[in-house]
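J.: show me how the following folds:
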Amino acid sequence: MHKALLTFLVTILFLSVAQAQEFSIKGKLLDATTKSPLEGATIHAESVQDSVLITYAVSNAKGHFNLEGKTRQKEVNVFFSFTGYKTLQRTISVQRDSNLGTLELEELVQELKGVNVTGERIPIKVKNDTLEFNAASFKTRPDATVEDVLKRLPGVEVDSDGKITSNGQDVDKVLVNGQVFFSNDPKVATKSLPKEVVDKIQILNTKTKTQEFTGEEGDGETKTINLTIKEDKNKGYLGRASAGYGTDERYQLNGLLNYFRDTERVSVIAGSNNINNTGFSFDEIYDMVGRSSRSGASFNSQGGFTVGGLSFGFGQGIVTSSNLGASYANQEKGKYMANANYFLALSDSYNDEKNSRENILNTGSFFTDSESSFEGTTNSNQGGANLEFDVDKTLRISLRPQMSISHTDSKTSRSTVSRDDTDEIINNNQILDQSNRMNRRFSNNLDILKKLDTIGGYLRLSFNNENSKEENKISFNSETNLFGDNPETETLDQQTTVDNSEDSYQVEATYRLAFSKVYSMDIGYEFSHLKEENTKEVFDFDDGTGSYSLFNQELSSDFDFTTVQSTPSLGFAKRNDKLHMGITARYTRTDLDNEDFLQNSTFSKTFDNLLINSFFRYNFDSSKRLSIGLRTSLDIPELQQLQPVPNISNPLNVIVGNPNLKPGINRRIYLGYNNFNWRERTGTYIYMGMVFRDDQVSPTTITDEDFLRTTRYVNVDGNYSHYAGIGVSKELRKDSTLTIKVNLRPSVNLQKNVGFNNGDRLEAKRFSFNPRVSTLFNYKELVTLEPEYTLSLNTTRYNLDHLSDIKFTAHNIKLKTTTYWPKNVVWGNDISYSYNSNVGPGFDKDALFWNASIGLQMFKKQATLKLLGYDILNQNINTRRTTGEDFIQDFQGTVLQRYFMTSFTFKFDQFGGKKSRPSGFGF
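T.: Numbers count the residues shown, from 1 in each chain. Here you go, the predicted structure:
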């Protein structure tokens, strides 16, 4: 079917563009007064009849431009635009090669009343580190979301999980009118807001709060997208509601309501489903396809997902979740900015897992097979605010409180069998673990920033606190059987109560002395104090009394753990339009103090470390940048790695901490190069990095003859993680008929992990090569094809003679198709084939995963009736292989499988006093 469809589309494409004529319009743009060249001016062509965008270009450093395109029109309107200048318009006959010579733009001194400003249709503006796109210039279907239009922007890529990159750099924040939309998770805004309310899309370097207030440029490591709402859409409300029900009692309900009034915004969002969906997307095709095992979203290991820091369930598996959230934002430039949000989340999760693991010893290997079942429920409340007050033009005070409360009940059962290399059973174990946990957390940040001059000097004072409380009640039952010459059975029946509190406080001061607008010196001091108080009481079951009354002192603890850090710093920097470079030295003293009132494991340690950070960034022009840097950081051992109290949650591998650990030091050297040729619509980026880890905390394991393990921790040198990659993107346009975006993303990773087993050093070197190619094919907004192929080649090499290299290959092929023909009918397919070459027996190696939906738009496209098929072939799997310094493991877990669902989505909007009402059936 797809082959026939593709042949049909290619035929139509050939017929539609056969009569189109290629054209090229060259010239040079100058300032009319100074005669200096205008770099970054926008030149774009529109059709004379309907003002549809045909093509655009951007002038280079010498003011030269070359506007290339293809059209069937005999004449086109060409606009020449530059920020702060009057827009120049010319009607030009289409020719293969036209040279307009030198054109001059006049500075815009005053906007005359009643003049029609054609510059508002400028598709793209380039100003310093900011790109501004006119959303209306990029054609999409009428019901498109912000995510849909982002996919059309040059240099921007949105992957299947909604992750956004701009010419290779991650977009870590999406703002609406300069303010956070619900949370810092970009997907909440891009998947929820329709394109029709958006005026401009601005892409700029992410800035810290200090950089925003002082006017300093961002570091350029990540990007921020700011969506500006159209003036006529800035007063009114926008709403979406959706409901669906299907086979196997699958369902989804969600709703979104946004109220806009100039700078004020109120938003409410709600949803409930049992298809692993966050409920935040109203995409007309793929909003109800849930999550497959292919996703790279933030999932852990039991069932659920996380959005904007709020947890829905526990990890992988199947989740029934409900959520309710509200958000408020308002601001007055130069006076204040305020936003606040609240979320309530409820979820039930279940997950079954199967693991097959080869445990590597210095003399051979043994094998463990385990199966587990998990059930859990959680409810969480989270609220926060971001308040900024400008006392005057030089003084800003910021306050950011956050609070969360969660309750979790969980139950895990697990059975494990260990065999030697002759397949003889050596031991087995069964566990039942039930817990009831409550967490409370409050944090706050107070920031005071004072500008000292007009050339960049400032004084910044900040205070941070984070206070948390955890109470946990655990019931633990275990039976371990040892076989062989000395068979033995050990049972555990325990109840544990944990009461843990953490109080962290941090004070920071930074003084920037600006010698000029180019050179500056930063003097800083940071003090932090973390105190953790933990009481863990373990009671064994007493057969005589029939109660849990036998106190187990060996497994219990009662301690106070304190970490104090003091860090003075000194830095120098040079910043101008082309070059940004600097170096900072930090001297950190770390004091660790522990007092255990039960285990007599009191210790006190002091560590001194000199850490150097440096960076070099050079801007060749507005679209080409080179970055080089060195970053060093401390890795403080976690408490469970320090506490010499046995952790018997897995009786086959008892873990004991080491109080003699010292902090690890991570050194990261990185290089990045970005270039986007606006005229050619070709983007290239290169990145590479080397991470060296000194004194990394690594496991050392002693395995006895019954394959029972005891693991402790030591500081080890020799661990590293290196990476490199390249990205190439190319956009091809044929008039307004066809758009093709091609992305090539190969990457490599080299990692070394070091550990110890029975006193011998184990090393695992892992190399992976991961090329990926993807394409977006859009024909007249009637058909969209998105094929993608990813290859993963993995090799793990060990330092043991008896163990050969482990090699495995994974393939993933995806095809996403959407058609908008015939009128008011939307048909979508999401097909993925995955193959893992080297998983063990009993694990699925490959699967063909297919989702499809067909929707009928009605009531003048205000509503959509849809039929969805999820995992139509019933082949969805969740299988993967991982390797470490002392293991090779295959995993398979529960995934959502085949169901069919019928849904109905309705949109209701009212802006500027005009209400969108359905009138009849309006097909």
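
J.: give me the pLDDT value at the residue nearest the centre of the chain.
T.: The residue lying closest to the centre of the chain (Cα atoms, centre = their mean) is K163, at 5.8 Å. K163 carries a pLDDT score of 81 in this model.

J.: any figure for the gap between it and Y789?
T.: Relative to Y789, K163 is positioned 18 Å away (criterion: Cβ to Cβ, to the nearest Å). (Each C-beta comes from the backbone N, C-alpha and C, glycine too.)

J.: farthest from the middle of this protein: give me that residue.
T.: Checked against the mean C-alpha position of the chain, the extreme residue using Cα atoms, centre = their mean is G544, at a distance of 54.8 Å.

J.: which SS state does that residue fall under?
T.: Under DSSP: H, G, I helix; E, B strand; the rest coil, the three-state class of G544 is coil.

J.: follow-up on the earlier one: quick check: the residue nearest to the centre of the chain touching D170?
T.: Yes: the pair K163 / D170 is scored as a contact, 7.4 Å apart, by Cβ atoms under 8 Å.

J.: ok, the residue lying closest to V783 once chain neighbours are set aside - how many residues close by?
T.: When the adjacent residues along the chain are set aside, V783 lies closest to T819, with 5.1 Å between them (Cβ to Cβ, 6 or more residues apart in numbering). For T819, the neighbour count with other Cβ atoms under 10 Å is 19.

J.: so T819 bridges to which residues?
T.: Note on T819: beta-bridge partners by DSSP bridges are V783, W827.

J.: what about it, distance to K605?
T.: Using Cβ to Cβ, we find T819 at a distance of 65 Å from K605.

J.: parallel or antiparallel, list what pairs with the helix or strand harbouring R761.
T.: Using DSSP states H and E, the element containing R761 is strand 760-769. Sheet neighbours of strand 760-769, with direction, are listed as strand 747-757 (antiparallel), strand 783-798 (antiparallel) (DSSP bridges).

J.: buried sites along it?
T.: By neighbour count, with 16 or more other Cβ atoms under 10 Å as the criterion, the buried positions of strand 760-769 are 762-768.

J.: nearest to A241 among those?
T.: S768 (44.3 Å; Cβ to Cβ).

J.: shouldn't the closest one be in contact with T790?
T.: No: S768 is not in contact with T790 according to Cβ under 8 Å; the separation is 11.7 Å.

J.: now do the shared contacts for those two.
T.: In the contact map built from Cβ atoms under 8 Å, 6 or more residues apart in numbering, no residue is linked to both S768 and T790.

J.: give me the mean pLDDT for stretch 722-734.
T.: Computed over stretch 722-734, the mean pLDDT rounds to 88.

J.: check stretch 578-590 too.
T.: The average pLDDT for stretch 578-590 rounds to 95.

J.: and that stretch, how far out from the chain middle?
T.: Distance of stretch 578-590 from the chain centroid (Cα atoms, centre = their mean, to the nearest Å) equals 27 Å.

J.: buried ones in that stretch?
T.: If you call a residue buried by 16+ other Cβ under 10 Å, then stretch 578-590 has these buried ones: 580-582, 584, 586, 588, 590.

J.: which one of those is nearest D420?
T.: D420 has its nearest neighbour among the buried residues of stretch 578-590 in T590, at 44.2 Å by Cβ to Cβ.

J.: contact partners for that closest one?
T.: Counting by Cβ under 8 Å, 6+ apart, T590 touches 563-565, 606-609, 634, 636, 663.

J.: from those residues, which single one is nearest T214?
T.: Ranking those by separation from T214, with Cβ to Cβ as the measure, puts Q565 on top at 26.5 Å.

J.: what is that closest one paired to in the beta sheet?
T.: When assigned by DSSP bridges, Q565 has beta-bridge partners S528, T590.

J.: number of residues surrounding it?
T.: Each residue near Q565 was counted by other Cβ under 10 Å, and the total is 19.

J.: what about it, distance to M690?
T.: 26 Å.

J.: next: A338.
T.: 43 Å.

J.: what do you get for F597?
T.: 45 Å.

J.: now do L865
T.: Taking Cβ to Cβ, one finds L865 at 54 Å from M690.

J.: quick one: I54 and T71 touch, right?
T.: Yes: taking contact to mean Cβ under 8 Å, the distance of 5.3 Å between I54 and T71 places them in contact.

J.: which residue ranges form the strands in the stretch 451-600 of the chain?
T.: Applying DSSP state E, counting those that start in this stretch to the stretch 451-600 of the chain gives strands spanning 458-482, 488-514, 519-542, 547-551, 557-575, 579-596.

J.: could you dump those into a markdown table and include distance to E212?
T.: Supplementary listing: these in a markdown table, determined by distance: least, Cβ to Cβ, whole Å:
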| stretch | distance to E212 |
| --- | --- |
| strand 458-482 | 12 |
| strand 488-514 | 15 |
| strand 519-542 | 17 |
| strand 547-551 | 56 |
| strand 557-575 | 16 |
| strand 579-596 | 17 |
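
J.: and the ones you listed: which comes nearest S47?
T.: Closest approach to S47 among these is made by strand 579-596 (42.2 Å; Cβ to Cβ).

J.: run the angle between the closest one and strand 519-542 for me.
T.: Here strand 579-596 runs at 30 degrees with respect to strand 519-542, directions being taken by axes from the mean of the first three to the mean of the last three Cα atoms, to 10 degrees.

J.: helix or strand right after strand 579-596?
T.: Per DSSP H and E, the helix or strand that comes after strand 579-596 is strand 603-621.

J.: give the buried residues for that following strand.
T.: Of the residues in strand 603-621, those scored as buried under the neighbour-count criterion (16+ other Cβ under 10 Å) are 609, 611, 613-617, 619.

J.: so after it, what's the next helix or strand?
T.: strand 624-635.

J.: quick one: that following strand to chain centroid distance?
T.: Taking Cα atoms, centre = their mean, one finds strand 624-635 lying 20 Å from the centre of the chain it belongs to.

J.: who does it pair up with?
T.: Using DSSP bridges, the strands paired with strand 624-635 in its sheet are strand 603-621 (antiparallel), strand 664-677 (antiparallel).

J.: those into JSON lines, with extra columns for mean pLDDT and distance to I92?
T.: Converted to JSON lines, the strands paired with strand 624-635 look like this (pLDDT from 0 to 100; distance: least, Cβ to Cβ, whole Å):
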{"stretch": "strand 603-621", "mean pLDDT": "91", "distance to I92": "27"}
{"stretch": "strand 664-677", "mean pLDDT": "91", "distance to I92": "23"}
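
J.: figure out which of the ones you listed is closest to I269.
T.: Nearest to I269 among those is strand 664-677; the distance by Cβ to Cβ comes to 34.5 Å.

J.: the next helix or strand after that closest one to strand 624-635, inter-axis angle?
T.: Sequence-wise, the next helix or strand downstream of strand 664-677 (DSSP H and E) is strand 682-694. The directions of strand 682-694 and strand 624-635 differ by 20 degrees, with the same axes, to 10 degrees as the criterion.

J.: tell me which residues in strand 682-694 are buried?
T.: Along strand 682-694, these residues count as buried under the neighbour rule (16+ other Cβ under 10 Å): 682-689, 691-694.

J.: repeat that for stretch 140-155.
T.: With burial defined by 16+ other Cβ under 10 Å, the residues of stretch 140-155 counted as buried are 140-141, 143-155.

J.: span of it from start to end?
T.: 17 Å (Cα to Cα, to the nearest Å).

J.: just stretch 645-664 next, same as before
T.: With Cα to Cα applied, stretch 645-664 spans 22 Å between its terminal residues.
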